[in-house]
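# Quick one, structure for this:
(2 chains)
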Amino acid sequence: MLSVEQFLTLAAILFCIGLYGALTKRNIIIVLVSIELMLNAANINLLTFARFGLVPAINGQVFTLFAMTIAAAELAVGLAILIALYRNRNTSDVRDQDLMKW
Amino acid sequence: MVEYAWLVPLFPLVAYLLLFVLGRRAQEGVVTAIAVLASLAAFVVSLMILSEVQANGPGAPYMFHWLTVGSYTLSMGYEVTALNAMMLAVVTFVSTLVFLFSKSYMKGDERFVVFYQYLSLFVFSMLGLVISPNLLQVYIFWELVGLCSFLLVGFWYYKPEAAAAAKKAFIVTRIGDVGLFIGIMLLFVATGTFDYAGVFQAVESKNFAIDWISPEAFITLVAILIFIGAIGKSAQFPLHTWLPDAMEGPTPVSALIHAATMVAAGVYLVARAFPIFAASETALTVIAVIGGITAIFAALIGLTQNDIKRVVAYSTVSQLGYMVMALGVSAYVASVFHLMTHAFFKALLFLAAGSVIHALHHNQDIRSMGGLWKKMPVTGWTFLIGALALSGIPPFAGFWSKDEILLGAYASGNTLLFVIGLIAAFCTAFYIFRVFFMTFTGEFRGDKDTWDHAHESGPVMTIPLVLLAIMALVSGLFNSPVTDYALADFLQAGGLHYGAHPEHVSWMPYVATLVALAGIGLAYLMYKTKSINPERLANGALRPLYNLSYNKFYVDEIYHYAIVLPVVWIGRILNFIDKWIVDGIVRLVGQGTYVGALGLKYAQNGQVQTYGLITVLGAVVLLGAAMYAIGGVR
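Below you'll find the model as predicted:
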């Protein structure tokens, strides 16, 4: 039987990897993948507390299912934007997408 | 009829609204007709009310509920007392004639309609003030009267003197109004009512809901505060300076202000609220002293002025001083009586002066007049009647009322006030006949062209003069042995028993008449026969006194240096502080934000990952702070 700490540690490690990737990688696809990692880390947390929390309940698991669905939808939108960007500007480097400034 | 008293102010108000709707292109005749008819209708209703009050005595006030604030209920309404009924008749009579007179005087003026609008509004305000049954309503109309006088004095606003005079009239009377307002509010706090009846009852029982001051002191305080309002409105001593300057307005306005509407309001208020004053010996003394000072002070200034309207204006200030002094010595009837007779003969004098000014193409300097009797006999005769009435020569109106006031002063035991009254009467007779002789007798001193064009005014001007002259002749009889002191009985039927009949002193009429005749005689010697050379006197031993009087005792200059200049300098200093220090701080904040933004905008570089990093760092800091706040992880 794994303990709460182990689950939480796993989630924390996953989250940090995802954060690192999202902040440093140049390729937008990798950034999107990293974001997925962070989402999943959050999901693990939700599940952990749904199982081992002070008030164990089914809500956490239901919520996780929602989060996964939304993550999938978000990824689809993200990839669509990526394709549109690539067609227009011929690059998939995050650093070239710098239009959001003064 | 008494229950329809609200009709009286309504007529001028309707006239005002009608003229407002008609607009500037209306025919002058139509405009005059509307205003005069409305005023005449008000006069007729007033007469009916007057006769009914005389027959049945005054009625109770008609009140209706206006609004409730907390536990207080404010009422509005109207009332007719003996005093009100008399005032209504006098005001409407004088204003009807002034309206008629203005037709000719203001002929061809670009803002003819506006002039009549203001006049109607002015009369409406005064009538509303007169029939108000509570002090709050009085205050509302009081301010309306002040506003109208501002508008009318500054009617020729393109003349800088007129604009300045209008501002002065407004600001100086406002000083008094503040006193009145504080007085009314104090009374309301202490008695919980604005109604005259309620206030008088509380004053009588000395029952006030106020504990920081004794009831007696409170009555004195309130009485003096209300009197300060009257000082401003009725141009009493420290605040008299606006009235002579108000001569910059058109002459009919001066007649209206001096006779019926503006300055009468102050004396009227003191008379109406007299039970408050009667309850405080100190307040009465203050009033008597201020009135006496004003009477003599203005009379002395009037001796040397050269502007025909200014002399008459100073005579008004002086006569108002008489009325106030009479109230101060509890000669209530005498004061109201003088208020009435004065309204007639002062309106007469102003309109006659207006007729002269009109004939001489708006020249007001008596030094360049003379011999006008030949050219304008009607004006001359009526002016003479007004002057005789003002001087107090029997049987003209002023004699009877001034005699009553002198009797009252004498009966009060205050010899100084009595002597002041006599001296002022001498000066009055002298200066008004100085004007008369310099204007109507001798040789014309202006240029020949003006003389050739001078002619008697038309009937529109002379009819009001004649009617007023008749009133100036007979109105004194209303309170004389001839009618068995009808006015006194009439006024006291309302339950006010102040200064009923002062003890009659057999030598008083002779002394008063002699003093007035002496004044006229001196004027005759100096300005008609020239046996005494006024120039030599003015430049000789009396030079300092002459200068003092000619420069109005330097009151305006004293105010200028003692009050106006310091206020202006305080204003300049505050302006500097506001402009450079307060505004400086505000601008500094704005500029700081702007400059900061200039630098900070480079942090926004469009790199999503940088934004993300900053967000994460911020979240970490917040998380750390939150952790620290809850005392770390247990």
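# which SS class is the closest residue to chain A within the stretch 351-500 of chain B?
When scored by Cβ to the nearest Cβ, the stretch 351-500 of chain B has residue B:362 as its residue closest to chain A, at 69.5 Å. Bear in mind the C-beta positions are built from the backbone N, C-alpha and C, glycine included. Following DSSP: H, G, I helix; E, B strand; the rest coil, we place residue B:362 in the coil state.
# State the distance from it to residue B:76.
Applying Cβ to Cβ, to the nearest Å, the value for residue B:362 to residue B:76 is 43 Å.
# Now do the contacts for the most centrally placed residue in chain B.
The residue lying closest to the centre of chain B (Cα atoms, centre = their mean) is residue B:263, at 2.7 Å. For residue B:263, the contacting residues are B:233-235, B:243, B:257, B:316, B:320, by Cβ atoms under 8 Å, 6 or more residues apart in numbering or on different chains.
# For the residue of the stretch 351-500 of chain B closest to chain A, grab the count of nearby residues.
Residue B:362 has 9 neighbours, counted by other Cβ atoms under 10 Å in any protein chain shown.
# do residue A:37 as well
By the measure other Cβ under 10 Å, the count of residues near residue A:37 is 19.
# Could you list the low-confidence segments of chain A?
Scanning chain A for pLDDT under 70 picks out A:102.
# Up against chain B, what does it have?
Residues of chain A lying close to chain B by Cβ under 8 Å from any Cβ of the partner chain are A:19, A:22-24, A:31, A:94-95, A:97-102.
# Now those residues in a markdown table, please, with extra columns for neighbour count and distance to residue B:454.
Shown next, in a markdown table, are these (neighbours: other Cβ atoms under 10 Å in any protein chain shown; distance: Cβ to Cβ, whole Å):
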| residue | neighbour count | distance to residue B:454 |
| --- | --- | --- |
| A:19 | 18 | 105 |
| A:22 | 23 | 103 |
| A:23 | 18 | 102 |
| A:24 | 14 | 105 |
| A:31 | 23 | 103 |
| A:94 | 19 | 100 |
| A:95 | 12 | 99 |
| A:97 | 18 | 96 |
| A:98 | 12 | 92 |
| A:99 | 7 | 89 |
| A:100 | 11 | 89 |
| A:101 | 12 | 86 |
| A:102 | 10 | 82 |
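# The helix or strand encompassing residue B:50: which residues count as buried?
Using DSSP states H and E, the secondary-structure element containing residue B:50 is helix B:28-56. Residues of helix B:28-56 classed as buried by neighbour count (16 or more other Cβ atoms under 10 Å in any protein chain shown): B:28, B:31-32, B:34-36, B:38-50, B:52-54.
# Contacts only, for the residue nearest to residue B:47 when sequence neighbours are not counted.
Computed as Cβ to Cβ, 6 or more residues apart in numbering or on different chains, the closest residue to residue B:47 that is not its neighbour in sequence is residue B:89, at 5.9 Å. Contact analysis of residue B:89 by Cβ under 8 Å, 6+ apart lists B:43, B:46-47, B:49-50.
# what does residue B:446 give?
By Cβ under 8 Å, 6+ apart, the contact list for residue B:446 reads B:360, B:363, B:368-370.
# Let's have these in TSV, adding neighbour count and pLDDT.
Formatted as TSV, the contacts of residue B:446 follow (neighbours: other Cβ atoms under 10 Å in any protein chain shown; pLDDT from 0 to 100):
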residue	neighbour count	pLDDT
B:360	23	82
B:363	16	80
B:368	15	79
B:369	25	81
B:370	19	77
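# Serialize those residues to JSON lines and add fields for distance to residue A:57.
Shown next, in JSON lines, are the contacts of residue B:446 (distance: Cβ to Cβ, whole Å):
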{"residue": "B:360", "distance to residue A:57": "106"}
{"residue": "B:363", "distance to residue A:57": "104"}
{"residue": "B:368", "distance to residue A:57": "109"}
{"residue": "B:369", "distance to residue A:57": "109"}
{"residue": "B:370", "distance to residue A:57": "114"}
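# Identify, from those residues, the entry nearest to residue B:179.
residue B:363 (38.9 Å; Cβ to Cβ).
# The closest one contacts residue B:357, correct?
Yes: Residue B:363 is within contact range of residue B:357, at 6.8 Å (criterion: Cβ atoms under 8 Å).
# ok, now how distant is residue B:555 from residue B:240?
From residue B:555 across to residue B:240, the span is 8 Å (Cβ to Cβ).
# Mind putting the residues of chain A next to chain B into CSV with secondary structure?
Shown next, in CSV, are the residues of chain A next to chain B (three-state DSSP):
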residue, secondary structure
A:19, helix
A:22, helix
A:23, helix
A:24, helix
A:31, helix
A:94, helix
A:95, helix
A:97, coil
A:98, coil
A:99, coil
A:100, coil
A:101, coil
A:102, coil
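# what about the closest residue to chain A within chain B, neighbour count?
Across chain B, no residue is closer to chain A than residue B:606, which sits at 3.2 Å (Cβ to the nearest Cβ). The local packing of residue B:606 (other Cβ under 10 Å) involves 14 other residues.
# Quickly find the element holding it.
Under the criterion of DSSP H and E, residue B:606 resides outside all helices and strands.
# Farthest pair within the contacts of residue B:446?
B:363 and B:370 (11.8 Å).
# doesn't residue A:95 make contact with the residue of chain B closest to chain A?
No: using Cβ under 8 Å, residue B:606 makes no contact with residue A:95, being 9.4 Å away.
# ok, residue B:218 touching residue B:208?
Yes: counting by Cβ under 8 Å, residue B:218 touches residue B:208, with 5.7 Å between them.
# intersection of neighbour lists for these two?
Common neighbours of residue B:218 and residue B:208, using Cβ under 8 Å, 6+ apart, are residue B:190.
# that older thread, quickly find the element holding the residue nearest to residue B:47.
Using DSSP H and E, residue B:89 maps to helix B:82-105.
# Residue B:266 too?
Using DSSP H and E, residue B:266 sits in helix B:262-272.
# Could you tell me the angle between that helix and helix B:82-105?
Here helix B:262-272 runs at an angle of 180 degrees relative to helix B:82-105 (axes from the mean of the first three to the mean of the last three Cα atoms, to 10 degrees).
# what sits against the nearest residue to residue B:613 once chain neighbours are set aside?
Leaving aside its sequence neighbours, residue B:613 sits nearest to residue A:23 (Cβ to Cβ, 6+ apart; 5.3 Å). Shown in contact with residue A:23 (Cβ under 8 Å, 6+ apart): B:609, B:612-613, B:616.
# do the same with residue B:168
Applying Cβ under 8 Å, 6+ apart, the residues near residue B:168 are B:241-242, B:245-246.
# one more time with 6 Å, if that's ok
Residues in contact with residue B:168 (Cβ atoms under 6 Å, 6 or more residues apart in numbering or on different chains) are B:242, B:245.
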